[in-house]
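J.: Return a 3D structure for these sequence lines:
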Amino acid sequence: MKVTRRILPVIVFAQFCCTSLWFAGNGVMNDLMLSFDLNSEALGHLTSAVQFGFITGTLSFAFLTISDRFSPSKVFFTCAMLGSLFNLGILTEGNELFSLLLFRFLTGFSLAGIYPVGMKIAADYFDKGLGKSLGFLVGALVIGTAFPHLLKEISGTNRLPWRSVIIFTSILAGLGGLFILLLVPDGPYRSKRHKPDLSLAYKVFRNGSFRSAAFGYFGHMWELYAFWAFTPVLLSYYQQTHPGSQFSIPLVSFFIIGLGGVACMVGGYLAERIGTKKTAGSALFLSGLCCIISPIIFLADSQFLLITFLIFWGLVVVADSPLFSTLVAQNTPPESRGTALTIVNCIGFSITILSIQLLTYLFNYLNAHFLFIFLSLGPLVGLLYLFKVRIFK
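T.: Residues are numbered from 1 along each chain as shown. All right, here's what the predicted structure looks like:
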């Protein structure tokens, strides 16, 4: 029991360290664009490259049932080391858009052995209270995702060059991998699969409750990463159209994204009181509502209202993420849990590419005030599937 109590903080810390790789490029995007002479479309492409790498990695891991056949801790460690090296690759002199896209793709591929495998490790240790445990785990991912924005804020004060942000996040990832390897052995609830099952990624969807949770998660993902990726862009646009506004975009972006980590943890506790499905559905409904009313907030000439609204949205947009993963894990046999979490992540992150690219395209043709309203489609579809609402009977 004492060992189990020690395990969760280690997994959470390692997840934070390693997932800081995810938006390391976004945290220094302006510097990348200046240093390597990139155009304005690079934001969407470089963000999508990480997502595409993650998708390719999770698809490979799922079909080969990697985390169900091999030690999850060793898989996590290996991918953390590789992700650290690939992240450093963007510092190479003479990089062009293609090479930067390749390094971000490979970083994303490595993250496929970190995020879902970290959840698999947690599920192998915490059969009861899984929602609360995954709340802390995903919360660490969220804070790790926001961390490069904080480092960027520090670099903006000329105390930390932007290249140091990349180096520091790579060191963090390596440290996280070592912590998992040395301090987290395979969990007591792990059920090892001895042979690869190429059809397992399809079989898990035969369970109706699993499908309900999975499609709820897919709707959530349509909104989440596009919101995160474009938050700094929309804040910058607001400053340009409201010259009197004064706030630090990296710092505000850090709080908008990072405080969502706290929401994940709180959501885990709420789920134990009112139920996982109900808590997830409530958060998804509120974030969808934020999508719809966002034009009104952006058009209002109030810096305080804008930032307060975006912080609230940042809380509810991700609070349901660990709860959907909990529902997925709870509706999957232990020997298939790693593959189920991985394939759901794979499909979910595939959807993020579509929404990010859609916003990237619309940003050139549409008033930015109305950009986020298109994200409401995800929560709408997710809620219909989560609560099994039939439109056509």
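J.: Residue 218 against residue 348, yeah?
T.: Yes - using C-beta atoms under 8 Å, residue 218 is in contact with residue 348, at 5.5 Å. Quick note: C-beta positions are derived from backbone N, CA and C, even for glycine.
J.: Looking only at neighbour counts, state which of those two leads.
T.: residue 348 (26 against 21; other C-beta atoms under 10 Å).
J.: show me the contacts for residue 112.
T.: 53-54, 56-58, 60-61, 79, 342, 345-346 (C-beta atoms under 8 Å, 6 or more residues apart in numbering).
J.: hmm, 7 Å instead?
T.: 54, 57-58, 61 (C-beta atoms under 7 Å, 6 or more residues apart in numbering).
J.: cool, residue 386 as well?
T.: 212, 216, 277, 280-281.
J.: In those residues, which residue is surrounded by the most others?
T.: residue 280 (30 neighbours).
J.: check contacts around that one.
T.: 216, 320, 323-324, 386.
J.: circling back to that earlier point, just the contacts of residue 386 now: which is nearest residue 168?
T.: residue 280 (33.8 Å; C-beta to C-beta).
J.: helix, strand or coil for the closest one?
T.: Counting by DSSP: H, G, I helix; E, B strand; the rest coil, the backbone at residue 280 sits in helix.
J.: can you check residue 21 too?
T.: coil.
J.: which residues of this structure score low on pLDDT?
T.: Applying pLDDT under 70 to the chain flags residues 1-5, 26-27, 40, 43, 127, 152, 155-160, 191-198, 389-393.
J.: and the lengthiest helix in the chain, how far from the chain's centre?
T.: With secondary structure taken from DSSP state H, the chain has its longest helix at helix 208-241. Mean-position distance between helix 208-241 and its chain equals 10 Å (C-alpha atoms, centre = their mean, to the nearest Å).
J.: That one - contacts with which helices or strands?
T.: helix 42-63, helix 249-274, helix 276-299, helix 303-319, helix 321-330, helix 337-362, helix 377-386 (3 or more C-beta pairs under 7 Å, 6 or more residues apart in numbering; DSSP states H and E).
J.: JSON lines for those, including distance to residue 199?
T.: Compiled in JSON lines, the helices and strands packed on helix 208-241 are given as follows (distance: least, C-beta to C-beta, whole Å):
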{"stretch": "helix 42-63", "distance to residue 199": "9"}
{"stretch": "helix 249-274", "distance to residue 199": "32"}
{"stretch": "helix 276-299", "distance to residue 199": "28"}
{"stretch": "helix 303-319", "distance to residue 199": "32"}
{"stretch": "helix 321-330", "distance to residue 199": "18"}
{"stretch": "helix 337-362", "distance to residue 199": "11"}
{"stretch": "helix 377-386", "distance to residue 199": "23"}
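J.: Distance-wise, check residue 136 relative to residue 225.
T.: 21 Å (C-beta to C-beta, to the nearest Å).
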